[in-house]
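S.K.: Let's see this in three dimensions:
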Amino acid sequence: LLSSTGFVVGHAGLYQALAMFAVAYFIIGMTVLSVCAIATNGALDAGGAYYMISRALGPEFGGSIGIMFFLANVCGSALYVLGLVEAVVDSFGIPPGQTAGTGVHVLPQSYWYELLYGTVLLALCLLVCLVGASIYAKATFLIFLIVAGVLGTILVSFFATRPIGVPIRLPRPNGSEIENGSFTGFSLDTLRKNLGGGYSVDYTTGQMMSFSSVFAVMFNGCTGIMAGSNMSGDLKRPSYSIPRGTISAVLFTYLVYNLLAFLMCATCNRILLQKDYGFLRDISIFPPLVTVGIYAATLSAAMSNLIGASRILYALARDDLFGRALALAKKTSASGNPVMAVILSWMVVQLVLFSGKLNTIAGVVTTFFLLVYATVNLACLALEWASAPNFRPTFRYFTWHTCLLGIAGCCVMMFLISPVSASASLGFLLVLLLALHYLSPSSTWGYISQALIFHQVRKYLLMLDVRKDHVKFWRPQMLLMVQNPRGSARLIDFVNDLKKSGLYILGHVELQDLDMLPSDPLQSQQDSWLSLVDKLNVKAFISLTLAPSVRHGVRQLLFTSGLGGMRPNTLVLGFYDNESPQDSLARHPAFTSTREEVPLGFPPLREPTTPKLLSAREYVGIVADALKMLRNVLLARQLESLDKTWELRRAASPPPTIHVWPVNLLRPDSARYADTCSLFLLQMACVLNMARAWRRARLRLFLCVEAGAMPHAQEEKLRQLLKDLRIQAQIQLVPWDAITRLHWQTCRGPPGGPAEEEEEEEGVVNFPTNTTQVSDEYVCAANKLVLEQSPAPAVRFLYLPRPPADTSLYPLYLHQLELLTRGLGPTVLVHGVSAVTSTQL
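M.R.: Numbering: from 1, shown residues only. So this is what the prediction gives:
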């Protein structure tokens, strides 16, 4: 405060100096409001700003900003030590060009000597900090009294000292040169000359000063606002002391800065202000007291930054964000003082002292502090925007506007001061963020990102109006029923490819009665299912339910799963057969490549001799229920045998294929390719082909034709349909006269009889008595027809007929589906009830 104001006013002039103070304290003021809000929202521990940010924004932001704040305090401590060395050498150093000093000028001047002086002063700070926070608090209070006395003396000196000339010895390459500054007393002419800027070369560094470089030096004198929060772990009542102490300090220093700037501009000429940073000693009524005050204030600031850096390092080490790298900093003394953190911080400050010049590191320190202040404002802004009920600070004099203004001010000033330093700092911050995101352990602090996501998702879900749905923007929203994930890993993967950025829910029914249980058994299973989703890397939600039967449970999930406009429109089931389940989860690449164990919590697979939890009649009833609820249905058979890695990433040609049979093979007398179900089947095959892992695959569409039925006309019609739907597929004609002839030979009724009457229901062809008319011999022949089409595809899509209206025929219906798909490999039976394709723009 005392030593930098003359430098600022001498180069910038009164107007620009006042503007600098206003900008700096605007940024600081907005940040202080955020600090006070966070500090009064709960118990604070050691770490100050790091603790606030990490507990608000999570370990990634907290750890990276903690390192940045540690470096800012370290560099700030070195900055103040170098400033004190400069003041000591200015007062007691041997003048340039002389080999021996006279009077009090006895200290040699050179880079190495100044480094030695800085090391000795830093060792003094180290000793005070090693003793502990109590001695530091007593020392800083004593220094405060000294500085207050010096400040009073200086203010009196502006009025009591008569005009005098001040000779200034300036170092030059060939010796030294003397210039004459002057203290004019209160003079209107002096004030006018000092109103505007007059940037010149800094005599300590030889660099040309500018608004940004002067602001960087000045701003470092304002960074003490975090000193109180850095000591949060040592304060008895941090939530009470930090707001009152910080706001009082900000208001007091702002007023004193402006008062001193005006008094200096009105009484000192520009040469004195620019060329002699210790001029206050020359004009004081008691010069030794000013010297002591400047030394004490600078030493106090150096100690404050050193002890602040050690507390931040200790908090980082205690949180284990960087593992063993900071393990040494955890060690404390018997009284709880983090002595190893103090020593490590001292070592880093000592390294920074090798830079040698105060103004060399001022820009870097300012950039670091501005970045930390911006993040503190960001933390408060995130807490405010998240609207969490538990964010209710007792300090209420802030809004999201003040947080946003603080962030904007910090970012703008960072790049104005030093675009290179700002860019480098942001790049370093990004590297730390990524490293902590992937390497740091999970924390129990809570993540503000989750609260913000919840807030935004709720808002957008309310805006998602199902009444505005349009077929152009339809997407599959899947509910996959999983009895045991151990036997369904590849099916879970497959449906994840099939969802096309839509909703994906893994559903599970637990057959228990809550009335007979002491607590909900699903709560303990939730973590296992969520871990499974993470390990398999699928974008799915989990929905578990209790029910007396599987069918009732699936009904519950179809009715209640999802939220608002995001509800499942497609039910996916594994196929009901007598094959023994295999533990595909243990062989999944997610576990074999990383050598991780399968998540616990899932029971072993059912033994072949163990009866099933679901009967054939109940299984078909689930399909019928879903269709009644206007949900599309997919039945997946032998998907666990699909080796997607081998099928789709092999380099050999031809590429793998997806076979599509958009005709109801169980009703050869009603072969239609343009009904709702067939178009839905085409859409699902196309959606799978659009997935990244399936882009090498080729769609092959099979057109079943009979002799004399103009097959080429049918092919052209189908090709035009594919063109209108923008679906790229190869059409292959399949003669099936022998199959249809077999059907009519075994059919009970003649063609054109009552058995062929169609019942149209909501665009879907329904044949209530169809199941009784198709013989096993015909179904086996249809199965052979599908199987003969070579080369063997990666997966087949077949038309799923609607279940019969007579529930007594459910077992026969399922038997025919089993015959139709036997030995086909990975097969998906598809029945669609909603229009999903569009030819409109």
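S.K.: Pretty sure V166 sits in a strand.
M.R.: Yes. The assignment for V166 (DSSP: H, G, I helix; E, B strand; the rest coil) places it in a strand.
S.K.: Contact partners for V687?
M.R.: The contact partners of V687, by Cβ atoms under 8 Å, 6 or more residues apart in numbering, come to 476, 498, 500. No exception for glycine: its C-beta is placed from N, CA and C like everyone else's.
S.K.: In three-state terms, label it for me.
M.R.: helix.
S.K.: Any chance of JSON lines for the contacts of V687, columns distance to R692, pLDDT and secondary structure?
M.R.: Output for these, formatted as JSON lines (distance: Cβ to Cβ, whole Å; pLDDT from 0 to 100; DSSP: H, G, I helix; E, B strand; the rest coil):
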{"residue": "P476", "distance to R692": "16", "pLDDT": "91", "secondary structure": "coil"}
{"residue": "L498", "distance to R692": "13", "pLDDT": "91", "secondary structure": "helix"}
{"residue": "K500", "distance to R692": "11", "pLDDT": "83", "secondary structure": "coil"}
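S.K.: now, which of the residues you listed sits nearest L195?
M.R.: Nearest to L195 out of these is K500 (Cβ to Cβ; 67.8 Å).
S.K.: picking up where we left off before, when you filter the contacts of V687 down to buried only, what's left?
M.R.: Buried residues within these, defined by neighbour count using 16 or more other Cβ atoms under 10 Å: 476, 498, 500.
S.K.: Which of these sits closest to K275?
M.R.: K275 lies nearest to K500 out of these, by Cβ to Cβ, at 72.5 Å.
S.K.: for the stretch 701-841 of the chain, what spans make up the strands?
M.R.: 730-735, 759-761, 764-766, 795-799, 827-831 (DSSP state E, counting those that start in this stretch).
S.K.: Mean neighbour count, distance to Q207 and mean pLDDT for those strands - can I get that in CSV?
M.R.: Formatted as CSV, those follow (neighbours: other Cβ atoms under 10 Å; distance: least, Cβ to Cβ, whole Å; pLDDT from 0 to 100):
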stretch, mean neighbour count, distance to Q207, mean pLDDT
strand 730-735, 14, 73, 86
strand 759-761, 10, 86, 40
strand 764-766, 17, 82, 39
strand 795-799, 25, 70, 94
strand 827-831, 25, 72, 95
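S.K.: So which of these is nearest Y80?
M.R.: Nearest to Y80, of all the strands of the stretch 701-841 of the chain, is strand 795-799, at 70.0 Å by Cβ to Cβ.
S.K.: contacts for the closest one?
M.R.: Contacts of strand 795-799 (Cβ under 8 Å, 6+ apart): 494, 639, 642, 658-665, 677-678, 681, 684-685, 688, 786, 820-821, 824-831.
S.K.: The same query, at a cut-off of 6 Å, please.
M.R.: Residues from elsewhere that reach strand 795-799, judged by Cβ atoms under 6 Å, 6 or more residues apart in numbering: 658-661, 663-664, 681, 685, 824, 826-830.
S.K.: just stretch 489-498 next, same as before
M.R.: Outside stretch 489-498, the residues that touch it by Cβ under 6 Å, 6+ apart are 478, 480, 538, 572, 584-585, 588, 636, 639-640, 642, 688, 691, 693.
S.K.: Just the buried ones from these, in ChimeraX syntax?
M.R.: Per 16+ other Cβ under 10 Å, the buried members of those correspond to this ChimeraX selection:
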select :478,480,538,572,584,585,588,636,639,640,642,688,691,693
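S.K.: which pair in the contacts of stretch 489-498 spans the largest distance?
M.R.: Of all pairs in these, the most separated under Cβ to Cβ is L585 and L688 at 22.4 Å.
S.K.: What pLDDT does the model give A651?
M.R.: Per-residue pLDDT puts A651 at 57.
S.K.: scratch that, L682
M.R.: On the pLDDT scale, L682 gets 91.
S.K.: Give me the nearest residue to it, chain neighbours excluded.
M.R.: The spatially closest residue to L682, leaving aside those adjacent along the chain, is P662, at 5.8 Å (Cβ to Cβ, 6 or more residues apart in numbering).
S.K.: For the one you found, give its distance to Q732.
M.R.: P662 sits 12 Å away from Q732, going by Cβ to Cβ, to the nearest Å.
S.K.: what's stretch 712-719 in contact with?
M.R.: Contacts for stretch 712-719 (Cβ under 6 Å, 6+ apart): 673, 703, 731.
S.K.: could you dump the contacts of strand 795-799 to a markdown table with distance to S355?
M.R.: A markdown table is the format used below for the contacts of strand 795-799 (distance: Cβ to Cβ, whole Å):
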| residue | distance to S355 |
| --- | --- |
| I658 | 65 |
| H659 | 71 |
| V660 | 70 |
| W661 | 76 |
| V663 | 80 |
| N664 | 81 |
| L681 | 71 |
| A685 | 66 |
| L824 | 74 |
| P826 | 66 |
| T827 | 71 |
| V828 | 68 |
| L829 | 73 |
| V830 | 70 |
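S.K.: Buried ones from those residues, can you make that a PyMOL selection?
M.R.: The PyMOL command for the buried members of the contacts of strand 795-799 (criterion: 16+ other Cβ under 10 Å) is given here:
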select buried, resi 658+659+660+661+663+664+681+685+824+826+827+828+829+830
